[in-house]
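**Student:** here are the coordinates; sequence isn't available:
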């Protein structure tokens, strides 16, 4: 058992309780109960007709008296015992009121902090959306109403006003949305979002708050670097306003980079070269009950078989197989070491840490194959890219 982390956690909890005065009030309450039970036992024990004949009887009487329950099964009959009872009644009622009021205020304060986005979240395998702009709500719709995220939690970090957050909270009340207020560039804000346990981090070109609009991409890059430094395994998707800043995000090992307006030129050209084609592409990319592109896990029994066979399988499910994504997972330190904390594993980790070499993370490689040859052999690391109204495996 590791004493260090446990003691640190205890100190943290104790400090929190101390700040809320709960520990002090609880200590005083327990002390009054104990002293009262000792006092009543001292005065009552010598009387043969007394009904408080042990310390436990005294404690029971003190608790019932302080709680103003009044069962009547235990009561003092001596003058000394009655004086102790009077003192307990006057002090105990006040202490119990103070104790319950303190506990109630703690819950109220916690609720207020949650509504203001100041609490920490404990979700795991969640999605974090950093920043807010006019397209972020479309992202929410794509993930919730028209997406396949199910019960996955989504944590929003931005600097919207309380009224705007309340409006979103009401609109998406049936989904598991959490809100955190703060500047997501800062490490402490990301840690409050439990970034180390997240599955994805989406960094939007943020227009919330009072930050300089001409430094939006700079903040995006800084946020990506911060996330990679504290949570290197989290997949990052980032939105850029200027394509010239793409190299900065690539150096930060961002997994997906979306440049706003990047394909406008090709769309306009295709409208002349192939009239009607932009409408098809727009329909595919739009939210709603339309055919969409899906990345699908391929059934295991198709591994080793041809692309043609796989295409026929999905066609039978009213889907069109467009291509394959091959995701080659990078070898990581965790893959080389066992799950337990053996002496050898601990020794290796310590040596790697002392060498100051970053061997804990290496970016996964992804290869896109659109319309491959019919005889292409499907591999175990391939994913299907299909066009359909719903995810084929759910049909």
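**Tutor:** Nice, thanks for sending it over. Please read these numbers as outputs of a predicted model, since none were measured by experiment.
**Student:** Can you show me the strands along this structure?
**Tutor:** 127-130, 154-158, 177-181, 200-203, 235-240, 256-259, 292-297, 320-328, 365-370, 382-388 (DSSP state E).
**Student:** List the contacts of the first one.
**Tutor:** Yep, that's strand 127-130 we're talking about. Strand 127-130 is contacted from outside by 136, 139-140, 143, 149, 152-158, 184, 190, 193, 195, 198-204, 206, 223, using Cβ atoms under 8 Å, 6 or more residues apart in numbering. Every C-beta, even on glycine, is put in place using the N, C-alpha and C of the backbone.
**Student:** want to throw the strands of the chain into JSON lines with mean neighbour count?
**Tutor:** JSON lines is the format used below for the strands of the chain (neighbours: other Cβ atoms under 10 Å):
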{"stretch": "strand 127-130", "mean neighbour count": "26"}
{"stretch": "strand 154-158", "mean neighbour count": "26"}
{"stretch": "strand 177-181", "mean neighbour count": "22"}
{"stretch": "strand 200-203", "mean neighbour count": "24"}
{"stretch": "strand 235-240", "mean neighbour count": "22"}
{"stretch": "strand 256-259", "mean neighbour count": "17"}
{"stretch": "strand 292-297", "mean neighbour count": "16"}
{"stretch": "strand 320-328", "mean neighbour count": "16"}
{"stretch": "strand 365-370", "mean neighbour count": "11"}
{"stretch": "strand 382-388", "mean neighbour count": "20"}
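**Student:** nearest to residue 37, of those?
**Tutor:** Closest of these to residue 37 is strand 177-181, at 45.9 Å (criterion: Cβ to Cβ).
**Student:** partner strands of that closest one, parallel or antiparallel?
**Tutor:** The sheet places strand 177-181 alongside strand 154-158 (parallel), with pairing taken from DSSP bridges.
**Student:** returning to what we had before: rank the strands of the chain by pLDDT, which is bottom?
**Tutor:** Here the lowest mean pLDDT among the strands of the chain goes to strand 365-370, at a mean of 82.
**Student:** contact partners of that strand?
**Tutor:** Contacts of strand 365-370 (Cβ under 8 Å, 6+ apart): 322-328, 330, 376, 385.
**Student:** Direction included, what does it pair against?
**Tutor:** Counting by DSSP bridges, strand 365-370 is paired with strand 320-328 (antiparallel).
**Student:** all helices of the stretch 201-350 of the chain, in order?
**Tutor:** 216-230, 246-251, 264-273, 277-285, 307-315, 333-336, 343-355 (DSSP state H, counting those that start in this stretch).
**Student:** Could you do the stretch 1-150 of the chain as well?
**Tutor:** Using DSSP H, counting those that start in this stretch, helices in the stretch 1-150 of the chain cover 3-19, 22-44, 55-66, 79-115, 136-143.
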